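Colleague: I'll drop the sequence and a predicted model, then ask my questions.
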Protein chains: 2
Amino acid sequence: MSIRLDGKATSNQIKAELEKEVSSIKKSGKRPPHLAAVLVGNDGASLTYVGSKVRSCEKIGYDSTLIRLDDTVTQQKLLDTIHKLNNDPGLDGFIVQLPLPKHIDEETVLHAINPDKDVDGFHPTNFGKMALGMETFIPATPFGIMELLRRYKLDISGKHAVVIGRSHIVGRPMSILLSEKGNPGNATVTLTHSRTKNLSEITQKADIVVSALGVPNFLTADMVKQDAVIIDVGITRVPDETHPKGYVIVGDVAYNEVKEKASYITPVPGGVGPMTIAMLLQNTMLAYKRNAS
Amino acid sequence: MSIRLDGKATSNQIKAELEKEVSSIKKSGKRPPHLAAVLVGNDGASLTYVGSKVRSCEKIGYDSTLIRLDDTVTQQKLLDTIHKLNNDPGLDGFIVQLPLPKHIDEETVLHAINPDKDVDGFHPTNFGKMALGMETFIPATPFGIMELLRRYKLDISGKHAVVIGRSHIVGRPMSILLSEKGNPGNATVTLTHSRTKNLSEITQKADIVVSALGVPNFLTADMVKQDAVIIDVGITRVPDETHPKGYVIVGDVAYNEVKEKASYITPVPGGVGPMTIAMLLQNTMLAYKRNAS
């Protein structure tokens, strides 16, 4: 039987720490950190994510701004919006919720964000700093996983970590962070992806598996080593009429069978997801402090 | 018996291609590409490298400038020099030869270089672009290895590559490039380093090994799989009185024994080294074209 890596509780703990910090900032007469989110269109999942980010801000005392644009908005209009946010001295950081409508080039948009306000850490300058081990905004999902490992005091130095998926948002930065100097860090990391052959053979030898594939119940018990640490980044919506929302969120990991074999495991929901929001708030606090100094 | 990956011949081929391009640029009445190198102090190896870069420029028809500063130069004076080079419209790219004297902060210096002229690809913005799969200046050593694989038409897609060493200049970018989408690319990559346990077990399973450790004759035949592709980035100067220079250049790979087992192998010298210079020249051509347009 494994120990649950409780992302929900850890996230609440981080938020409580930030709330305390905000409270003392306000007491000193200063304005609190301020995060803005730009949402284009009405995608259901995106609405949920952005809504959750905005509510989390309010809960811990940050100012927040939600900017909603119609999905017919032109790229230029979106860039104008970003330009305004870049130049707003009362705003510490902002995010543009992905995915964007197809007529808008995501790369152009993300690169238009001032790196100093890029609390998602997707701008090349921030991504490069992360890859070079410098202090910067680290993409929230891999940052959340590192923080979870840190708070549970899991020593990954010299261990073999296998990351499944090479996305720019999760897999790639995850593989870099796990292998960087630091604590947690110093793992031997294998990055696997769609072209990887014999994936099971690779995961079977891993001390840590981070799955960011988006395929429900993909990682089964036969694919993992006894006592491995299992991190599930998958959050696929699977239709389910018995649930009031009409769907359930299912991870990449066949949780019920893998938990019997793992030493530590993140549940879905309640694992990596809540950590992501906590780290976005933490990045916003970093932006605030830099902005203030 | 293995096939030698002849970096010297491949490098000469690339240089010949660039020379042809420069020649037609000059015929059209335009100025040729222009690379500058900044060398601080009198370190023997650094002098050799920089000298070789400058000579290569001259040979293929680039303009080149060598700026030598005393090793007592202040950081501010060096930054002033960089600022001048950043703003020189007649200069396409420049490098600051590493290592720098201890009283100078390398990070501060490298970050002062205009990313558009950073033909070494060490600036965070360029490093981030590389890690995100965008067109940019790729650090010359891993870029040279990718080019060697490409010209020898070695298919690494889905193969298991093991990189030894996580330096920002070689190991880290190498691990990223090998696993990115592209051809060559799409390898499953394991990045190993000083904290890695059981390194032999990992290298024994690798289809491709890139060693960038700097320990002479470290990788022995028992550590590699039959028919593996072996790339040796090591260039350690080992004292040897029988040689006129008083030293020999020795790679990480025990060449004589490993070559019997490998399918392809780079020699030292004459492997990765010459490719590094060719790719610096290629990056300079890219900078020239961007500058011209």
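Modeller: Yes, it's here.
Colleague: Minimum distance to chain B, which residue of the stretch 51-200 of chain A gives it?
Modeller: A:Gly128 (2.9 Å; Cβ to the nearest Cβ). All C-beta atoms are positioned from the backbone trio N, CA, C, and that covers glycine.
Colleague: Kindly indicate whether that residue is helix, strand or coil.
Modeller: helix (DSSP: H, G, I helix; E, B strand; the rest coil).
Colleague: A:Val189 now?
Modeller: Here A:Val189 takes the strand state, with states given by three-state DSSP.
Colleague: That one reaches A:Ile164, doesn't it?
Modeller: No. Proximity of A:Val189 to A:Ile164 does not meet the contact threshold set by Cβ atoms under 8 Å, at 11.8 Å.
Colleague: Could you tell me how many residues sit around the residue of the stretch 51-200 of chain A closest to chain B?
Modeller: 26 (other Cβ atoms under 10 Å in any protein chain shown).
Colleague: so who does it touch?
Modeller: By Cβ atoms under 8 Å, 6 or more residues apart in numbering or on different chains, the contact set of A:Gly128 is B:His123, B:Pro124, B:Thr125, B:Asn126, B:Phe127, B:Gly128, B:Lys129, B:Met130, B:Ala131.
Colleague: so which of those residues is the most crowded?
Modeller: That'd be B:Phe127 among those, by other Cβ under 10 Å, with 30 neighbours.
Colleague: What's the per-residue pLDDT of the closest residue to that one other than its chain neighbours here?
Modeller: Excluding its sequence neighbours, the residue lying closest to B:Phe127 (Cβ to Cβ, 6 or more residues apart in numbering or on different chains) is A:Gly128, at 3.7 Å. What the model reports as pLDDT for A:Gly128 is 98.
Colleague: cool, A:Met1 as well?
Modeller: Per the predicted model, pLDDT is 79 at A:Met1.
Colleague: same check, this time on A:Leu35
Modeller: 98.
Colleague: how near is the closest residue to it other than its chain neighbours to chain B?
Modeller: Residue nearest to A:Leu35 in three dimensions, not counting chain neighbours: A:Thr284, with 4.6 Å by Cβ to Cβ, 6+ apart. Look at A:Thr284 and chain B: by Cβ to the nearest Cβ, to the nearest Å, they are 21 Å apart.
Colleague: What helix or strand is A:Thr284 located in?
Modeller: helix A:272-292 (DSSP states H and E).
Colleague: Ok, A:Glu17 next?
Modeller: helix A:7-27.
Colleague: And for that helix, what's in contact with it?
Modeller: The contact list for helix A:7-27, computed with Cβ under 8 Å, 6+ apart, reads A:31-33, A:56, A:59-62, A:144, A:147-148, A:151-152, A:266-267, A:270-275, A:277-279, A:281-282, A:285.
Colleague: I'd like to know which of the residues you listed are buried.
Modeller: A:32-33, A:56, A:60-62, A:144, A:147-148, A:151, A:266-267, A:270-275, A:277-279, A:281-282, A:285 (16 or more other Cβ atoms under 10 Å in any protein chain shown).
Colleague: which ones are touching the spatially most central residue of chain A?
Modeller: Chain A has A:Thr141 as the residue nearest its centroid, 1.8 Å off, counting by Cα atoms, centre = their mean. If you count contacts by Cβ under 8 Å, 6+ apart, A:Thr141 has them with A:Ile169, A:Val170, A:Met174, A:Ala212, A:Val233, A:Val272, A:Met275, A:Thr276, A:Met279.
Colleague: and which of those residues is nearest B:Glu257?
Modeller: When the contacts of A:Thr141 are compared for distance to B:Glu257 (Cβ to Cβ), A:Met174 wins out at 36.9 Å.
Colleague: For the stretch 151-293 of chain A, what lies in contact range of chain B?
Modeller: Counting by Cβ under 8 Å from any Cβ of the partner chain, the stretch 151-293 of chain A comes close to chain B at A:157-159, A:166, A:168, A:172, A:175-176, A:179-180, A:186-193, A:195-197, A:202.
Colleague: 7 Å - rerun?
Modeller: Applying Cβ under 7 Å from any Cβ of the partner chain, we find that the stretch 151-293 of chain A lies next to chain B at A:157-158, A:166, A:168, A:172, A:179, A:186, A:188-193, A:195-197.
Colleague: Could you chop chain A up by domain?
Modeller: In terms of domains, chain A is parsed into A:31-114, A:140-273 (source: automatic domain parsing).
Colleague: and the last one, how far from the chain's centre?
Modeller: Right, the one you point to is domain A:140-273. Chain-centre distance of domain A:140-273: 13 Å, with Cα atoms, centre = their mean, to the nearest Å.
Colleague: Please apply the same query to stretch A:46-61.
Modeller: With Cα atoms, centre = their mean, you get 14 Å for stretch A:46-61.
Colleague: Buried residues in it, which are they?
Modeller: Neighbour-count burial for stretch A:46-61, counted by 16+ other Cβ under 10 Å, picks out A:Ser46, A:Tyr49, A:Val50, A:Lys53, A:Val54, A:Ser56, A:Cys57, A:Ile60, A:Gly61.
Colleague: For chain A, just list every one of the helices.
Modeller: A:7-27, A:44-60, A:75-86, A:106-112, A:124-131, A:140-151, A:171-179, A:199-203, A:255-258, A:272-292 (DSSP state H).
Colleague: Take those helices and lay them out in JSON lines including distance to A:Ala228.
Modeller: Below are the helices of chain A laid out as JSON lines (distance: least, Cβ to Cβ, whole Å):
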{"stretch": "helix A:7-27", "distance to A:Ala228": "18"}
{"stretch": "helix A:44-60", "distance to A:Ala228": "29"}
{"stretch": "helix A:75-86", "distance to A:Ala228": "42"}
{"stretch": "helix A:106-112", "distance to A:Ala228": "34"}
{"stretch": "helix A:124-131", "distance to A:Ala228": "26"}
{"stretch": "helix A:140-151", "distance to A:Ala228": "13"}
{"stretch": "helix A:171-179", "distance to A:Ala228": "14"}
{"stretch": "helix A:199-203", "distance to A:Ala228": "8"}
{"stretch": "helix A:255-258", "distance to A:Ala228": "9"}
{"stretch": "helix A:272-292", "distance to A:Ala228": "16"}
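Colleague: So which of the ones you listed is nearest B:Phe94?
Modeller: Among the helices of chain A, helix A:124-131 sits nearest to B:Phe94 (Cβ to Cβ), with 19.0 Å.
Colleague: Please state the offset of that closest one from the chain centre?
Modeller: For helix A:124-131, the distance to the chain centre is 16 Å (Cα atoms, centre = their mean).
Colleague: Only alpha carbons, please: show that helix as PDB.
Modeller: Provided in PDB are the C-alpha atoms of helix A:124-131 (Å, rounded to 0.1, in the frame of the first residue of the first chain):
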ATOM      1  CA  PRO A 124      11.500  31.600 -24.200                       C
ATOM      2  CA  THR A 125      13.600  33.800 -21.900                       C
ATOM      3  CA  ASN A 126      12.000  32.300 -18.800                       C
ATOM      4  CA  PHE A 127      12.100  28.800 -20.200                       C
ATOM      5  CA  GLY A 128      15.800  29.300 -21.000                       C
ATOM      6  CA  LYS A 129      16.500  30.600 -17.500                       C
ATOM      7  CA  MET A 130      14.700  27.500 -16.000                       C
ATOM      8  CA  ALA A 131      16.800  25.200 -18.300                       C
END
